[in-house]
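A.B. asks: Here is the input, now give the coordinates:
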Amino acid sequence: MIARGRIRRGAIACVSMTIALLAGCDWMPGRPTEAEMPLRPSAITDFGQLYGENCVGCHGADGKLGPAIALNNPVYLAIVDDASMRRVIANGTAGTAMPPFLRAQGGTLTDQQIDLLVAGIRKKWSGDSNAGAGTPPYASNAAGDPNRGARVYAANCQSCHGPDGKGAAAGSIIDASFLALVSDQNLRATIIAGRPDLGHPDWKGYPAGQALNSQQVSDVVAWMASKRPASQLSASNAAIH
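C.D. replies: Numbers count the residues shown, from 1 in each chain. Got it, this is the predicted structure:
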């Protein structure tokens, strides 16, 4: 009985010592503090980090000079409302290079993080509050006419993109690979807002010297879309228009 008591007391002492040593590890030199521990991805709320980790690759480090539409463009931010921007970030655009970012759609961001991105983009790059004065609307339900669009294109675009759209001083805008990756809504937004980071004019700066109206923009989009190979973009474009 005496031996069993000694063994039991010894076991309790060992367990107590182990617990004390583990607790003491919190004070070991080099252990990161709680503030130094990396945040869980869903806990990140800093706009710069969210944008840098999710948007830079397509929209550029400062919202410009990326392959996708420039966000550092006051005209673009004037025509797109928060709901539209949020919908595209959350759900992506089917058939294009824009993926869904909302976790419920297979992405990695929470609803709050997408709201922070929308607010941060607008706060950082909206610029002049009058940038959107007189612009055609971001979206339109009016169908475009490819034949009229060809004439609008000839008057306003061919001096840079060539008579057939295959490129001249600027690149091709009827390249099958390009058109397969962009929606009609993206084309419309680019024609209206331009790409100031690439020297592309906005709706009021085309060579013909007259600002494009909403129907003319729709017509040019229809002409470009007529050059697009059949793809799954038809579903997403139908949903927009």
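A.B. asks: For the closest residue to residue 84 other than its chain neighbours, which residues are in contact?
C.D. replies: Nearest-residue entry for residue 84: residue 138, 6.5 Å, with adjacent residues in sequence omitted and distances by CB to CB, 6 or more residues apart in numbering. Where C-beta positions appear, they are placed from N, C-alpha and C, glycine not excepted. With contacts taken as CB atoms under 8 Å, 6 or more residues apart in numbering, residue 138 has the following neighbours: 79, 80, 81, 84, 188, 189, 192.
A.B. asks: Filter those residues down to just the ones in helices.
C.D. replies: When DSSP state H defines the helices, the subset of those inside them is 79, 84, 188, 189, 192.
A.B. asks: how about the strands of this structure, start to end?
C.D. replies: Using DSSP state E, no strands are assigned anywhere in the chain.
A.B. asks: got any ranges where the chain has weak pLDDT?
C.D. replies: When the per-residue scores of the chain are filtered using pLDDT under 70, the ranges that remain are 1-7, 10-28, 231-241.
A.B. asks: Helices along that one, start to end?
C.D. replies: Listed in chain order (using DSSP H), the helices of the chain are 2-24, 47-54, 56-59, 74-79, 82-91, 111-125, 146-156, 158-161, 176-179, 184-193, 214-225, 233-240.
A.B. asks: can you redo the ones you listed as JSON lines with distance to residue 66 and mean neighbour count?
C.D. replies: As requested, the helices of the chain are arranged in JSON lines below (distance: least, CB to CB, whole Å; neighbours: other CB atoms under 10 Å):
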{"stretch": "helix 2-24", "distance to residue 66": "49", "mean neighbour count": "9"}
{"stretch": "helix 47-54", "distance to residue 66": "12", "mean neighbour count": "15"}
{"stretch": "helix 56-59", "distance to residue 66": "5", "mean neighbour count": "15"}
{"stretch": "helix 74-79", "distance to residue 66": "13", "mean neighbour count": "22"}
{"stretch": "helix 82-91", "distance to residue 66": "15", "mean neighbour count": "17"}
{"stretch": "helix 111-125", "distance to residue 66": "13", "mean neighbour count": "17"}
{"stretch": "helix 146-156", "distance to residue 66": "25", "mean neighbour count": "18"}
{"stretch": "helix 158-161", "distance to residue 66": "20", "mean neighbour count": "17"}
{"stretch": "helix 176-179", "distance to residue 66": "15", "mean neighbour count": "14"}
{"stretch": "helix 184-193", "distance to residue 66": "13", "mean neighbour count": "23"}
{"stretch": "helix 214-225", "distance to residue 66": "21", "mean neighbour count": "23"}
{"stretch": "helix 233-240", "distance to residue 66": "20", "mean neighbour count": "15"}
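A.B. asks: Quick check: which of those helices is nearest to residue 65?
C.D. replies: Evaluated over the helices of the chain, closeness to residue 65 peaks at helix 56-59, with 9.0 Å, by CB to CB.
A.B. asks: Show me what the closest one is in contact with.
C.D. replies: Contact with helix 56-59 is made by 66, 67, 68, 69, 70, 71, 97, 98, as judged by CB under 8 Å, 6+ apart.
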